[in-house]
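Asks: 3D model of this:
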Amino acid sequence: MVYCSGQEAEGETHEHTILLATWDGRAVHVHNFAGTTSIDVHHAHRYAGKTAPAISGRPHTHRYVTITSVDDGHQHKIEGVTGPVVPLPGGGHYHLFHGVTTVNGRTPHRHTYSGRTGGEV
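Replies: Numbers count the residues shown, from 1 in each chain. Here you go, the predicted structure:
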């Protein structure tokens, strides 16, 4: 989220990242995620990020988006929505995710990816 105060000099911008702790009075949380794509055209990519916030304590999913590492001279975008909550035995939960990257590279191709998020942050 970006906030501009309107007091910047012409041509300058001023921004802050705002981390939400509540939404409409309810607690929210995010998850870390990371992994490695499939091997296609003789290489794979690494990726990592945080999901978008979701309201805690109710059924939900999270949007996610990130850019892969640069391998073989290019990178790919990863974007999607996690699956529903998977409860952990001692409390908390995680989400499964999977998808296909954008097409890129000298030989145009895409990679598949899948994994599970970490616990709530």
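Asks: Give me the pLDDT for the nearest residue to residue 51 once chain neighbours are set aside.
Replies: Counting by Cβ to Cβ, 6 or more residues apart in numbering, residue 51 lies nearest to residue 62, which is 3.6 Å off, once chain neighbours are set aside. Glycine gets a C-beta too; all of them are placed from N, C-alpha and C. Per-residue confidence for residue 62 comes out at a pLDDT of 97.
Asks: where's residue 62 relative to residue 116, distance?
Replies: Distance, residue 62 to residue 116, using Cβ to Cβ, to the nearest Å: 12 Å.
Asks: Common neighbours of those two, please.
Replies: Common contact partners of residue 62 and residue 116 (Cβ atoms under 8 Å, 6 or more residues apart in numbering): residue 95.
Asks: The two - which one has more neighbours?
Replies: Between residue 62 and residue 116, counting by other Cβ atoms under 10 Å, residue 62 is the more crowded of the two (21 against 15).
Asks: hang on, the more buried one packs against residue 55?
Replies: No. At 10.6 Å, residue 62 does not count as touching residue 55 under the criterion of Cβ atoms under 8 Å.
Asks: Over to the residue positioned nearest the centre of the chain. Which of the three states is it?
Replies: Nearest to the mean C-alpha position of the chain, counting by Cα atoms, centre = their mean, stands residue 64 at 3.2 Å. Recorded secondary structure, residue 64: strand (DSSP: H, G, I helix; E, B strand; the rest coil).
Asks: hmm, back to that, need the contact list for the residue nearest to residue 51.
Replies: Neighbours of residue 62 in contact, by Cβ under 8 Å, 6+ apart: 30-31, 51-54, 81-82, 95, 117.
Asks: Out of those residues, which is nearest to residue 43?
Replies: residue 117 (24.9 Å; Cβ to Cβ).
Asks: Name the nearest residue to residue 72, sequence neighbours excluded.
Replies: Excluding the flanking residues, the one nearest residue 72 by Cβ to Cβ, 6+ apart is residue 43, at 4.4 Å.
Asks: Output the below-cut-off pLDDT ranges for this protein.
Replies: Scanning the chain for pLDDT under 70 picks out 1-26.
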